[in-house]
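> predicted model and sequence below, questions to follow.
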Amino acid sequence: VKGQELRSGQKEPRLLSLIERNGEFILGVLATPDAVVSRPVAQLSIPVNQKFEIIREAEEALLIDFSDDSSVTIRIRGEKSPELMLELMLELQDDERTQTFLTQVKSAQEQASDRNHNQGIVKKYFPLTDLLICPVASKPSFKSCYNVILSSKYGFGEGLKNPVKVEEKKNQQNRIVASREPPSSSFRQTDYTDRPTSWCDSPSTNSMRQAMLSSEAGQREYLIKHRLGKKEKEYVDIQPFSFFIGTWNVNGQSPDSSLEPWLCCDPDPPDIYAVGFQELDLSTEAFFYLDSSKEQVWVEAVERSLNRKGDYKRIRVIRLVGMMLVVFVKKKHKKHIKELAAEHVGTGIMGKMGNKGGVAIRFVFHNTSFCIVNCHLAAHVEDFERRNQDYRDICARMTFHLLDYPPLSIVKHDVVIWLGDLNYRLFLYDTAEVKHLIAENALKKLQEYDQLNIQRQTKRAFVDFIEGDINFVPTYKYDTKTDRWDSSGKCRIPAWCDRILWRGSNVQQLKYRSHMEMKTSDHKPVSSLFKIGVKVVDEQRQKRVFEDIVRAMDRMENDCLPSVSLSRIDFTFKDVKFRQLQKERFLIKNDGQVPCHFAFIPKPNDPNYCKPWLRAEPSDGFLEPSETLEIYLEVYVSKDSVTLLNSGQDSIYDILVLHLDRGKDYFITISGNYLSSCFGTSLETLCRIRKPVREVANLIDLEKSMVNLLFADGGSSDDVPLKIPKEVWILVNHLFTKSCDQEDLFQTPGLQEELQSIIDCLDTSIPESLPGCNHSVAEALLIFLEALPEPVVCYELYQRCLDSSHDSRLCKQLVSQLSRPHRNVFRYLMSFLKELLKHSNNNNLTANLIATLFASLLIRPPPNMVSRQSGQDRQKAINFILGFLMSGENYFQNSFNSF
């Protein structure tokens with residue numbers, strides 16, 4: 001059966017197969033389902049024995065997820081040796097085929113339990129593509145290592161497809177960069193050139209990679225390939241290839257003319273096309289349901305307009321709402337494209353909505369790795385800091401998952417090309433003056449006020465990126481279908497919103513231009529023609545280098561054991577706060593005489609190598625003799641860990657085990673103090689607290705005793721609980737008094753620094769006003785609701801909520817049955833949201849948008865039901881909220897002012 005592996009918030013295709021070998025059963029996992037017909041080789045084999053488990057698993061849902069697909073999430077655990085276990089999380093289609101397959105796997109497991117008494121063989125209920133009868137692999141001969149490493153389509157030869165040991169899976173949560181996490185303002189160069197990028201063309205997960213590494217043969221193979229990549233200059237030649245890069249914000253329009261003036265403007269056909277669009281579709285369906293009929297229309301328009309002198313093949317297209325990126329290569333080059341992957345990052349509200357963000361496609365062409373990023377950053381002249389933040393978010397959260405590597409970020413590529421509607425404007429606010437300078441062709445003078453140039457010069461964004469000379473007039477904003485500047489009431493100031501930048505070596509920009517003849521949109525398309533030097537392998541020279549490496553390793557391994565030294569082993573993180581990243585670093589040095597592989601591994605009986613609030617980057621790697629690597633330890637308390645820390649069930653303390661293959665383990669101690677937060681604290685507890693939460697000495701005891709205290713009779717007035725938490729009142733009151741007419745409220749993300757200030761303010765004081773802009777306060781309210789340990793509509797009433805969504809009377813009855821704090825907060829929020837809708841002409845809010853956003857926060861399924869939540873369930877939750885928002889009767893007559 002086909003499925004998807006869930007990893008770092010992303011999904012990768014997988015094929016599961018039940019394999020019978022001499023009466024024993026194996027669950028095979030294939031990372032390239034499309035290749036199964038040509039080569040049915042499982043890349044990961046899990047014995048079905050007494051320690052094999054398939055467990056139904058709940059995972060956290062995205063803030064907004066409108067998929068109608070019904071799926072089931074399972075966690076697979078299996079033994080690979082008496083000491084080590086493997087663990088994977090997979091999402092399978094919840095249909096009869098899947099249920100039959102799982103039933104047969106269970107049957108195989110039961111037969112394994114009874115094997116000593118009855119050697120059964122599973123019945124063949126599946127076609128060949130589902131039940132693979134695979135021969136037992138023999139141990140690889142190192143005389144054939146070269147062919148295995150260089151020739152195997154799947155990264156390893158068949159002899160390596162059944163490794164002996166597997167390290168337990170690393171902490172999945174720690175591989176997820178939390179929403180709006182403050183990333184580094186510039187790329188970190190660590191490990192940029194050290195990882196060769198052409199060993200394998202199959203995507204997979206870290207657990208599969210560890211499976212291959214954990215056997216002695218796998219470690220040796222991987223180490224050989226690592227060293228081979230370090231010596232690539234000895235066997236590659238630089239050959240030039242042409243790349244056409246194009247970007248166009250099409251303003252929701254459909255193609256109304258040929259794209260040839262844009263895409264076919266050069267006489268010679270380029271080797272590779274990469275074409276990006278923004279605002280491909282501005283419809284509600286595209287924004288909420290991620291569906292767009294315009295995707296195929298524009299892809300076909302591009303295909304018709306490519307240079308006819310070339311014969312092209314589309315290798316990948318990716319779209320997120322209105323952002324789309326499509327890549328074509330000449331057919332003769334297709335065989336040299338490998339390790340193809342695509343990812344997307346939304347930077348809209350809560351860091352998840354995809355109206356702003358980026359999409360990217362990465363691949364290896366011959367022996368050079370490329371990453372092409374298409375983005376649409378925050379709008380409005382004054383919001384350049386929000387654009388900087390969007391850029392940093394994309395850099396921090398965009399990761400690609402391939403078989404032979406840890407997660408690859410944008411920076412870990414030889415060449416990066418960044419295109420899109422970057423939306424940077426001019427620090428010049430007189431429209432007439434700007435137009436006069438354009439008319440005088442004083443473009444260089446005008447570019448002195450360009451926000452992107454200034455942000456690059458001050459190293460606030462796009463550090464290390466290069467942009468060619470701009471010799472064309474601004475590409476925004478025009479009256480649609482014309483060459484006239486914007487004549488609307490807003491009269492937008494012309495700006496170079498649409499840009500193409502790059503970083504990497506052997507890159508020469510031949511042309512950088514706009515295309516004024518294209519009049520479909522209020523933007524003009526931009527293109528760039530590059531000549532890029534690509535590393536092409538000389539196979540004979542590579543073979544000689546490979547043989548030298550193998551001989552050298554043979555000599556060293558017979559004489560030496562690996563050894564490393566660490567610059568620090570004790571770390572203290574002071575005053576850890578919710579959503580505020582702290583970093584420390586140490587150096588690991590290979591002080592031995594042989595190359596070594598290190599990795600952080602789980603402690604006995606722990607499934608993960610560290611706690612959810614901690615991450616090591618990188619978490620594994622290779623070191624040559626005398627080589628030193630910088631490792632960062634990052635502490636970040638997200639909504640997933642804040643409640644346990646607030647309640648005292650967890651603390652800032654952990655011990656990391658750094659394991660050295662064929663060597664010893666090193667122990668690193670992490671400690672610190674956590675400052676409690678109202679975020680992640682229950683509504684019941686907050687209603688009992690009249691002081692700032694940071695001033696409450698017994699918050700942990702208060703949380704534990706809340707069931708007894710909440711409705712106790714008698715006592716002083718201080719014992720009487722508040723109707724709603726003061727934090728909710730402060731946030732909503734700020735928005736009600738200052739933000740009802742705010743344009744794009746709850747649609748534009750806040751600024752990270754302002755969000756941190758708002759959280760600190762609520763935790764340490766009872767402020768008369770909140771710092772930051774209205775968008776930051778709005779997002780702080782959403783973060784507060786998302787972090788609640790129990791949603792406003794309590795878990796126990798979730799199913800009843802869905803069942804009653806069609807009947808307003810039942811909906812009101814259900815709300816009346818909520819506990820007092822939850823009931824009051826729900827009514828208070830509905831009152832506020834109805835007030836916002838009265839200002840929809842100014843704030844651009846609709847009832848459907850508000851209901852969709854708040855339903856995902858107020859009506860969350862219990863953890864054990866998340867994986868079974870269907871699109872229909874989500875729509876029922878939305879309808880539940882819509883019923884209150886659209887109710888004609890004044891159900892909440894005085895509730896908004898009564899708190």
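That came through, no problem.
> mean confidence score for stretch 102-109?
For stretch 102-109, mean pLDDT rounds to 82.
> go on, stretch 746-754?
92.
> list the buried residues for it?
With burial defined by 16 or more other CB atoms under 10 Å, the residues of stretch 746-754 counted as buried are 746-752, 754. C-betas here are computed from N, CA, C, even on glycine.
> report the distance from that stretch to the chain centre.
18 Å (CA atoms, centre = their mean, to the nearest Å).
> can you check stretch 314-325 too?
Worked out by CA atoms, centre = their mean, stretch 314-325 lies 16 Å from the chain centre.
> endpoints of that stretch, how far apart?
11 Å (CA to CA, to the nearest Å).
> right, and residue 572 touches residue 635 too?
No: shown here, residue 572 and residue 635 do not form a contact pair, counting by CB atoms under 8 Å, at 10.5 Å.
> between these two, who's got more neighbours?
A count of neighbours by other CB atoms under 10 Å puts residue 635 above the other of residue 572 and residue 635, at 22 against 11.
> just for the stretch 251-400 of the chain, where's the confidence low?
Low-confidence segments of the stretch 251-400 of the chain (pLDDT under 70): 284-291, 351-352.
> shouldn't residue 585 be within a helix?
No: per DSSP: H, G, I helix; E, B strand; the rest coil, residue 585 lies outside any helix segment and is strand.
> which residue packs closest to it, ignoring adjacent ones?
residue 632 (5.0 Å; CB to CB, 6 or more residues apart in numbering).
> check contacts around that neighbour.
Residues in contact with residue 632 (CB atoms under 8 Å, 6 or more residues apart in numbering) are 583-585, 616-617.
> got it, and residue 641?
173, 611-613, 650.
> buried ones in whatever helix or strand it lives in?
Using DSSP states H and E, residue 641 sits within helix 639-646. Using 16+ other CB under 10 Å as the test for burial, helix 639-646 gives 639, 641-646.
> torsion angles phi and psi at the closest residue to residue 636 other than its chain neighbours?
Counting by CB to CB, 6+ apart, residue 581 is the residue found nearest to residue 636 once chain neighbours are left out, at 4.8 Å. The phi and psi values for residue 581, taken as degrees, to the nearest 10, are phi -70, psi 140.
> how many other residues sit next to residue 581?
Quick note: residue 581 (other CB under 10 Å) scores 19 neighbours.
> any idea how far residue 317 is from it?
Look at residue 581 and residue 317: by CB to CB, to the nearest Å, they are 34 Å apart.
> cool, residue 103 as well?
Residue 103 is 37 Å from residue 317, by CB to CB.
> what do you get for residue 295?
From residue 295 to residue 317 the distance is 8 Å (CB to CB).
> just to revisit the earlier point, out of the buried residues of stretch 746-754, which one sits closest to residue 665?
residue 752 (37.0 Å; CB to CB).
> picking that back up, and which of the buried residues of stretch 746-754 is nearest residue 768?
Among the buried residues of stretch 746-754, and counting by CB to CB, the member closest to residue 768 is residue 754, at 17.3 Å.
> just say helix, strand or coil for that closest one.
Applying three-state DSSP: residue 754 is helix.
> tell me the contacts of it?
Neighbours of residue 754 in contact, by CB under 8 Å, 6+ apart: 771-773, 776.
> list the contacts for residue 487?
So residue 487 contacts residue 479 (CB under 8 Å, 6+ apart).
> measure it to residue 325 for me?
32 Å.
> swap in residue 394?
Residue 394 is 13 Å from residue 325, by CB to CB.
> repeat for residue 873
Distance from residue 873 to residue 325, by CB to CB: 32 Å.
> more crowded one of those two?
Applying other CB under 10 Å to residue 873 and residue 325 shows that residue 325 carries more neighbours, namely 26 against 19.
> ok, the more buried one - contacts?
274-277, 317-319, 342, 359-361, 372, 374 are the contacts of residue 325 under CB under 8 Å, 6+ apart.
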